[in-house]
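Engineer: I'll drop the sequence and a predicted model, then ask my questions.
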Amino acid sequence: MHRVESVLRGGIGTLTHAQQLSDTMIVPNLDQDITFFYDPATKQLRSRFSRYAAALELFDVFYNDYINAQTELLTQLRNERQKR
């Protein structure tokens with residue numbers, strides 16, 4: 001149970017961080033041309049937005065950790081139930 005709580009707390013921090021980046025970097029610039037976000041010569045995300053992309057990649061880590069923690073907890077609960 002503690003692992004699930006720990007993973008959730010970390011995940012909430014990750015989600016909050018991504019939301020803050022979105023609110024400060026993406027939303028205020030939605031009316032900009034796509035070249036504001038991407039360099040047309042390289043077709044790559046501009047470096048100032050790399051933190052946002054990195055934050056989004058952390059979602060995969062969080063979701064995988066959360067699924068693993070939930071699976072472990074479910075296995076533990078099933079094992080406890082079978083002992084009774």
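Structural biologist: On my side now, so go ahead. Numbering: from 1, shown residues only.

Engineer: measure stretch 19-39 end to end?
Structural biologist: Stretch 19-39 has an end-to-end distance of 24 Å (criterion: Cα to Cα, to the nearest Å).

Engineer: meant to ask about stretch 20-36
Structural biologist: End-to-end for stretch 20-36, by Cα to Cα: 19 Å.

Engineer: Which parts of the protein are strands?
Structural biologist: For the chain, the strands defined by DSSP state E occupy 38-39, 44-45.

Engineer: Could you dump those into JSON lines and include mean pLDDT?
Structural biologist: Shown next, in JSON lines, are the strands of the chain (pLDDT from 0 to 100):
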{"stretch": "strand 38-39", "mean pLDDT": "94"}
{"stretch": "strand 44-45", "mean pLDDT": "92"}
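
Engineer: F62 is nearest to which of the ones you listed?
Structural biologist: Closest to F62 of these is strand 44-45 (Cβ to Cβ; 21.2 Å). (Glycine included, C-beta is placed from N, CA and C.)

Engineer: Tell me the helices and strands packed up against that closest one.
Structural biologist: Applying 3 or more Cβ pairs under 8 Å, 6 or more residues apart in numbering; DSSP states H and E, one finds that strand 44-45 contacts strand 38-39.

Engineer: elements contacting the strand it packs on?
Structural biologist: So strand 38-39, by 3+ Cβ pairs under 8 Å, 6+ apart, packs with strand 44-45.
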